[in-house]
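Visitor: Give me a 3D structure for the following:
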Amino acid sequence: MANLKEIKLKIGSVKNTQKTTKAMKLVSSAKLTRTRQLSDQAKSYAEKINQVLSEIAHRVGKVQDDGMHNRAFVQNESPKTVDIVFVTADKGLCGGFNMATIKAVMHMMNEYRAKGVTVRLRVAGRKGVDYFTFQGETLTQKVSDLSSTPDYNRASDFIQEVVTDFQNGVTDKVVLIYNGFLNMLTQELKVREILPISFENVEIKEESSMLNIEPDDDEEVLNELTEKYIQFNMYYSLLDSLAAEHSARMQAMEAATKNAKEKVDSLTVEYNKARQAAITTELIEIISGVEALK
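Guide: Residues are numbered from 1 along each chain as shown. Down below sits the predicted model:
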């Protein structure tokens with residue numbers, strides 16, 4: 001059995017860890033509140049852009065007899081090159097948050113490669129960069145300080161390279177993967193094909209349309225909205241991922257705090273047993289000494 005001093009040092013160390021994890025949970029809780037507000041606002045805006053974009057795309061498609069000319073709306077069932085854009089955290093201590101995204105990326109990458117499709121990886125987040133660099137994978141694009149501090153202009157610059165390659169025919173499909181916020185206890189892995197854009201599940205209500213655009217301007221407005229749509233969806237994914245990260249870290253730190261408390265209780269019991277054993281040993285030695293003097 002360890003001596004009293006060693007056990008006491010362990011108790012102090014675990015208590016310090018408990019204070020740290022508790023503080024980290026409170027910090028993540030405060031950050032989550034702010035990030036969720038931004039995420040909710042961004043989600044509403046993204047939905048509106050999606051609605052307007054889908055309506056204009058539908059109108060342009062009806063005007064053009066031979067179908068949509070814009071490459072961003074032409075579906076490709078047999079892509080030769082695919083860009084996988086994914087978001088991870090810059091920091092750890094958030095349970096399996098990062099690995100959920102990384103596993104999804106690995107699974108999709110292996111599926112495409114098995115079909116002979118070229119896969120290029122573009123990552124926002126230090127954890128994703130570190131993991132795939134360690135695995136020896138070539139990263140077409142990487143940024144390590146964007147997911148922790150989402151910024152619309154930087155998100156736009158990041159995704160613009162992806163859009164440019166797609167428009168120039170370098171890639172045939174762009175997939176966005178990130179771990180999003182579902183509720184305080186759950187994160188939801190989200191996998192979306194952002195290029196080419198599909199509106200299969202969008203209901204177009206022309207009779208209730210509030211758009212008033214000259215026919216000659218449709219293509220120009222469509223191109224501008226498409227760019228804004230992609231940029232804002234990238235920005236929203238960063239906010240959503242950050243909210244999920246804080247939620248995951250809160251849970252991880254709460255579990256760590258609970259485990260630390262249980263460890264302190266266990267060490268306290270061990271300390272009391274060791275102390276009692278030491279007292280008993282001293283009493284036996286005293287009694288034995290008294291008996292020896294008789």
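Visitor: Val85 and Val175 touch, don't they?
Guide: Yes: with contacts counted by CB atoms under 8 Å, Val85 reaches Val175, the gap being 6.9 Å. C-betas here are computed from N, CA, C, even on glycine.
Visitor: beta partners for Gln141?
Guide: Arg122 (DSSP bridges).
Visitor: Quick check: it vs Val174, distance?
Guide: Relative to Val174, Gln141 is positioned 12 Å away (CB to CB, to the nearest Å).
Visitor: who's more crowded, these two?
Guide: Neighbours were counted for Gln141 and for Val174 using other CB atoms under 10 Å; Val174 has more, 25 against 16.
Visitor: Spatially, what comes nearest to that one if we skip its sequence neighbours?
Guide: What sits nearest to Val174 in space, not counting adjacent residues and going by CB to CB, 6 or more residues apart in numbering, is Leu195, at 3.9 Å.
Visitor: Spit out the contact partners of Gly180.
Guide: Gln187, Glu188, Leu189, Lys190, Ser237, Asp240, Ser241, Ala243, Ala244 (CB atoms under 8 Å, 6 or more residues apart in numbering).
Visitor: From these, which land in helices?
Guide: Ser237, Asp240, Ser241, Ala243, Ala244 (DSSP state H).
Visitor: so what pLDDT did the residue nearest to the first one when sequence neighbours are not counted get?
Guide: Sequence neighbours aside, Tyr178 is the residue nearest to Ser237 in space, at 4.9 Å (criterion: CB to CB, 6+ apart). Here the pLDDT value assigned to Tyr178 is 96.
Visitor: Give the helix, strand or coil label for Tyr178.
Guide: Classification of Tyr178 by DSSP: H, G, I helix; E, B strand; the rest coil places it in strand.
Visitor: what does Ile84 give?
Guide: At Ile84 the chain is in strand, as set by three-state DSSP.
Visitor: Poorly predicted segments of this structure, please.
Guide: Applying pLDDT under 70 to the chain flags residues 1-2, 56-69, 199-219, 294.
Visitor: how about a cut-off of 80?
Guide: Scanning the chain for pLDDT under 80 picks out 1-2, 46-70, 198-223, 289-294.
Visitor: Tell me how many other residues crowd the residue nearest to Val174.
Guide: 26.
Visitor: residues touching it, list them.
Guide: With CB under 8 Å, 6+ apart, Leu195 has these contacts: Ala72, Val162, Val163, Phe166, Thr171, Lys173, Val174, Ile230.
Visitor: Compare the residues you listed and tell me which has the most neighbours.
Guide: Among the contacts of Leu195, Val174 has the most neighbours (other CB under 10 Å), with 25 neighbours.
Visitor: My guess is it contacts Glu161. True?
Guide: No: using CB under 8 Å, Val174 is not in contact with Glu161; the gap is 10.9 Å.
Visitor: one step back: secondary structure for the contacts of Leu195 - can I get that in JSON lines?
Guide: Shown next, in JSON lines, are these (three-state DSSP):
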{"residue": "Ala72", "secondary structure": "helix"}
{"residue": "Val162", "secondary structure": "helix"}
{"residue": "Val163", "secondary structure": "helix"}
{"residue": "Phe166", "secondary structure": "helix"}
{"residue": "Thr171", "secondary structure": "coil"}
{"residue": "Lys173", "secondary structure": "strand"}
{"residue": "Val174", "secondary structure": "strand"}
{"residue": "Ile230", "secondary structure": "helix"}
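Visitor: Now render these as a markdown table, adding distance to Lys48.
Guide: A markdown table is the format used below for the contacts of Leu195 (distance: CB to CB, whole Å):
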| residue | distance to Lys48 |
| --- | --- |
| Ala72 | 19 |
| Val162 | 23 |
| Val163 | 20 |
| Phe166 | 23 |
| Thr171 | 27 |
| Lys173 | 25 |
| Val174 | 22 |
| Ile230 | 15 |
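Visitor: That concludes my questions; thank you for your assistance.
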